[in-house]
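Asker: sequence unknown, structure follows:
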């Protein structure tokens, strides 16, 4: 991709101090984000996908610090931002975020309209009637019927899906360049999920936003993403265009994730699951973090951490399988079946 | 909401009525001797006593007495004191003391809110810092040390170091009220600080604060526009009740500083079996606390939009 990235994270390392011990939650993550694209970050709970993206808006918990690396955005290194004053120039205005649970993300005692107005007043300098008009406009934009009446209502008068629409309205009220959606549909039921994803997509094209999805739902990924980054134990282990990840994955963890997709299950057979547990991030990890759970791990996986090997210009995986010296390894059957499916479809 | 308010008010009145009835009936079980002063008991013959009781309607059957009692209450006639101040209407006996207690109680309430609420707010904002530690130490001290001990400390410090009068005097009500007011406020300062801190911290940890932050509000804006207001809502429910109860005066403080307030009156009148004073005081105190709860509920309804009671299905 020849385009310049809009945001570029390099070798980010994040540590948390917990009861006197140091936990390295993110172990050297690099990520380029290109303007207008939709990037999905997938991985199981605790892989660090939320923590990683939270640093883009300075929302790390108080006991977490960025100990290494840089996050370049508009010529500034966000990793060096320390004070609230620095972050106020970014948050909401340039980078915004939609949180997971719409039921608790709104102030229960403030009118919906006022909560949207707050960010409009903050970043667009509008006051009073003008701000109110804009807030109603925003409600209309996120597909809330009868916005004039809804403006004066409180969160408890909204359903979960409607609340998430309001949260999205608040997040995009100031036309941020980057919108981070942290599992925006996890708390919603399936029919509403699709609506919310549609809404984010249409807002994205309307406002020209770049969107990062954090999710563990591969169905969502297939639906919305242009590019995918797979995270495991605080590292990105594979990234590529959505087709490349779904049909030509190379990291054994990505394989394991994909073969656990219910859509790929064979009737009558138990659905594959990934055995074992992720490594303890309090300890130093040697070699490939996924090796202990990988039945086909190579000897070197336990000794030396693999670098990224390019599969194509846009696709790379952090596994020794791709090293020319490695023994020939076939992608597992389920991945091959997936590819065959795609090729048949043309 | 109006319907609910009226209903609650009706229930409150009914509760007061029931309390009044029970107290009245219990007090009628006392020997009739207690309707006379010690002097009268010595001098009166049996016949004179009988006549006096009959004249006061005290020999009527209990249901009749009860009906008369209700009728009197409706006309705000609470009878006369027999033993504390013989022949003086109860309303007057209580009235003067009530004024003093109320003045002090209200002052103490203002003081405790003005000090206690900001104290709790600052404690929450600087949680686990020095100020929070001092505030918590104060709260624990006030609650753990017996009141009389802390009052004594205030008394010694106030009179020796600051030279304030240690006894209340009607001729010099201003300066001599300072120490009793402070003692009255001491406990509620701790109460306000404790709960304000707790509710603030509850709110700060909620998810919507994260959204507020990510949308670009500064910490002070978040505190002012979101946390403070929301933390105040659960407090609102209890403020009327505590406010009204301070009016009732404090037995300990008023005894300690010889304030001629209402505090010691209840125990005095019980000790001396002054039936009318006792029953009036009980009605008064129960009315105050029931009113406090009622006002708290109404206030809660006004500040919290989530509460829409009794009108089923009408809110959407």
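Answerer: Received, thanks. As the structure is a prediction and not an experimental result, all values here were calculated from the model.
Asker: where do the helices of the stretch 201-316 of chain B begin and end?
Answerer: B:207-214, B:219-222, B:228-236, B:239-247, B:251-256, B:263-271, B:275-303 (DSSP state H, counting those that start in this stretch).
Asker: return the helix or strand in chain B with minimum mean pLDDT.
Answerer: helix B:38-43 (a mean of 74; mean pLDDT, DSSP states H and E).
Asker: tell me what that helix is packed against?
Answerer: For helix B:38-43, there is no helix or strand it packs on, judged by 3 or more C-beta pairs under 8 Å, 6 or more residues apart in numbering or on different chains; DSSP states H and E. Any C-beta I mention is one placed from the backbone N, CA and C, and that applies to glycine too.
Asker: in a helix, that's where residue A:7 is, yeah?
Answerer: No: per DSSP: H, G, I helix; E, B strand; the rest coil, residue A:7 lies outside any helix segment and is strand.
Asker: deepest-packed of the helices of the stretch 201-316 of chain B, please.
Answerer: helix B:207-214 (a mean of 22; mean count of other C-beta atoms under 10 Å in any protein chain shown).
Asker: now for it, which elements pack on it?
Answerer: Applying 3+ C-beta pairs under 8 Å, 6+ apart, we find helix B:207-214 packed against strand A:95-98, helix A:160-172, helix B:219-222.
Asker: can you add distance to residue A:235 and mean pLDDT and give those back as CSV?
Answerer: Compiled in CSV, these are given as follows (distance: least, C-beta to C-beta, whole Å; pLDDT from 0 to 100):
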stretch, distance to residue A:235, mean pLDDT
strand A:95-98, 22, 91
helix A:160-172, 28, 91
helix B:219-222, 33, 88
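Asker: tell me the centre residue of the chain?
Answerer: Going with chain A. Centroid check for chain A by C-alpha atoms, centre = their mean gives residue A:214 as the closest residue, at 2.3 Å.
Asker: hm, I was asking about chain B
Answerer: So for chain B, C-alpha atoms, centre = their mean, it's residue B:245, sitting 0.5 Å from the centre.
Asker: okay, now the residue in the stretch 201-316 of chain B positioned nearest to chain A: neighbour count?
Answerer: Closest contact between the stretch 201-316 of chain B and chain A, by C-beta to the nearest C-beta, is at residue B:216 (3.0 Å). Residues within reach of residue B:216, counting by other C-beta atoms under 10 Å in any protein chain shown, total 25.
Asker: and it, what is it in contact with?
Answerer: The contact partners of residue B:216, by C-beta atoms under 8 Å, 6 or more residues apart in numbering or on different chains, come to A:88, A:91, A:92, A:93, A:119, A:122, A:123, A:174.
Asker: chain B: which of the residues you listed is nearest?
Answerer: Within the contacts of residue B:216, the smallest distance to chain B is 3.0 Å, found for residue A:92 (C-beta to the nearest C-beta).
Asker: low-confidence ranges in the stretch 1-150 of chain A?
Answerer: Within the stretch 1-150 of chain A, the stretches with pLDDT under 70 are A:1-2.
Asker: do the stretch 201-346 of chain A as well
Answerer: Residues of the stretch 201-346 of chain A meeting the criterion pLDDT under 70: A:342, A:345-346.
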